[in-house]
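Visitor: sequence first, then the predicted structure:
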Amino acid sequence: MKFSLYERFTKQGTISEPDGVPDPQYALPSTIHWIQALSMMARDRSTDYKSAKIFYSKVQLKAMNERTENSIFEHLLLGLHQVSALRSLRSVQVQSDVARVASVAWYYGIYAATTAMIAAQDGTLQDNHTQTANSWDRNFSCRKLVMPPFDLRVTTCVKEAANKEIDVFRTGPKTNLVKPPVSMDDAENYLCGYLSGTREWYAWRTIEDLRKSSEFKALNVSDFRTKPARLLRDQRLSGKAVSFIHQAIRFRGKANYREALYLAHGSSVETQITNFVSDLTSVLEAFLSMAGAFSFQRLGNSLRDDFLQDVNRYRSFSLKTSEVWE
């Protein structure tokens, strides 16, 4: 048989994925079109600094120590630097050359902005990405403190219950995200579709961990066909909410370390990702605008102005703060 990385990876598997790696023919379009849908929704809903200041206008100033203030400034600066990087990457002639690093830059910009918001809200920093996602969900998503298009969430990973919650958001039939979104209805349904897929991914991970647990082994079963096994499974899944940062973690995993074929293999990739980096940029700009508006409300105008002036005076990258926070 002729040598084929695609056939080897997807059919023969790897050490980490012996049953075969995910097929990029499906993974690539869904992730590209999710980012495109987010970008469309952010423009349609005018998710920018001006609207974010109005959205968070009732958020109260908070007294905090200098280390907490500095942590907020630190992560807002990190997020701003990632936006500047993405803006530069848009002009690269072959987008496939930079699509993977752009995806990672996008995620770490989102992660930095998320961390700033959490520090501004409760003065904490989390130990890892999952804890950060869970903290952001508790502090913001479930309190209706998130602007669209970043506000969709499900309160559970139990399939039936989560599907009912997602159906409330849908404006049309379920979709598989294979074709680019054209209308705003498409964009809304694509966000629902990616949320559903992420819920399924987290449920799979939770179930795989459950199979290794002493509780599951004590049942002396190999699957979840029995009532006790199903109850144990649903108990584990019921308390796991999925919101935007959980989706971002899944998105990052594909680009950062899991899937070599994704974004790098296939003659049609370059055609599919023509606007991918531009969409990543606009989505991160919208999210960082929101994070900045919330954080500045907690810090107050004086500290905000000092921070912005210092960044503009000493920054080494090209992006001005006014291009995001004005």
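Guide: Received, thanks.
Visitor: show me the shaky parts of the stretch 151-300 of the chain.
Guide: 258 (pLDDT under 70).
Visitor: now do stretch 316-326: distance to the chain's middle.
Guide: Here the centre of stretch 316-326 is set off from its chain's centre by 22 Å, with Cα atoms, centre = their mean, to the nearest Å.
Visitor: now do the helices in this structure.
Guide: All helices of the chain, identified by DSSP state H, fall at 5-7, 24-44, 49-55, 66-89, 99-122, 129-139, 159-169, 184-211, 214-218, 227-238, 244-253, 269-272, 276-299, 301-314.
Visitor: of all these, which one is nearest residue 148?
Guide: Nearest to residue 148 among the helices of the chain is helix 24-44 (6.4 Å), distances taken as Cβ to Cβ. To be clear about C-beta, it is placed using only N, CA and C from the backbone, and glycine gets the same treatment.
Visitor: and the closest one, average pLDDT?
Guide: For helix 24-44, mean pLDDT is 93.
Visitor: make 12 the starting number, not 1.
Guide: Okay, residue one is now 12; in that scheme the one you just asked about reads as helix 35-55.
Visitor: contact partners of that helix?
Guide: 58, 159-161, 187-192, 195, 197-199, 201-202, 204-205, 208, 258, 262, 265, 270, 272-274, 276-277, 280, 283-284, 286-287, 289-291, 293-294, 297 (Cβ atoms under 8 Å, 6 or more residues apart in numbering).
Visitor: and the chain, what are its domains?
Guide: 35-163+281-337, 165-253 (automatic domain parsing).
Visitor: what's the most buried one of the helices of the chain?
Guide: helix 287-310 (a mean of 25; mean count of other Cβ atoms under 10 Å).
Visitor: same for that one, what does it pack against?
Guide: Helix 287-310 sits against helix 35-55, helix 60-66, helix 77-100, helix 110-133, helix 312-325, with contacts defined as 3 or more Cβ pairs under 8 Å, 6 or more residues apart in numbering; DSSP states H and E.
Visitor: for these, which has the smallest mean pLDDT value?
Guide: Minimum mean pLDDT among those: helix 35-55, a mean of 93.
Visitor: Throw the domains of the chain into CSV and include distance to residue 18, thanks.
Guide: Output for the domains of the chain, formatted as CSV (distance: least, Cβ to Cβ, whole Å):
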stretch, distance to residue 18
domain 35-163+281-337, 13
domain 165-253, 22
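Visitor: quick one: contacts for the closest residue to residue 271 other than its chain neighbours?
Guide: Spatial nearest neighbour of residue 271, chain neighbours left out: residue 20 (7.1 Å); criterion: Cβ to Cβ, 6 or more residues apart in numbering. Residues counted as contacts of residue 20 (Cβ under 8 Å, 6+ apart) are 31, 32, 271, 272.
Visitor: contacting residues for the third one?
Guide: Right, the one you point to is residue 271. 16, 20, 32.
Visitor: closest one of those to residue 148?
Guide: residue 32 (29.1 Å).
Visitor: quick check: the nearest residue to residue 56 once chain neighbours are set aside vs residue 202, distance?
Guide: Using Cβ to Cβ, 6+ apart and skipping residues adjacent in sequence, the residue nearest residue 56 is residue 159, 4.9 Å away. Counting by Cβ to Cβ, to the nearest Å, the gap from residue 159 to residue 202 is 9 Å.
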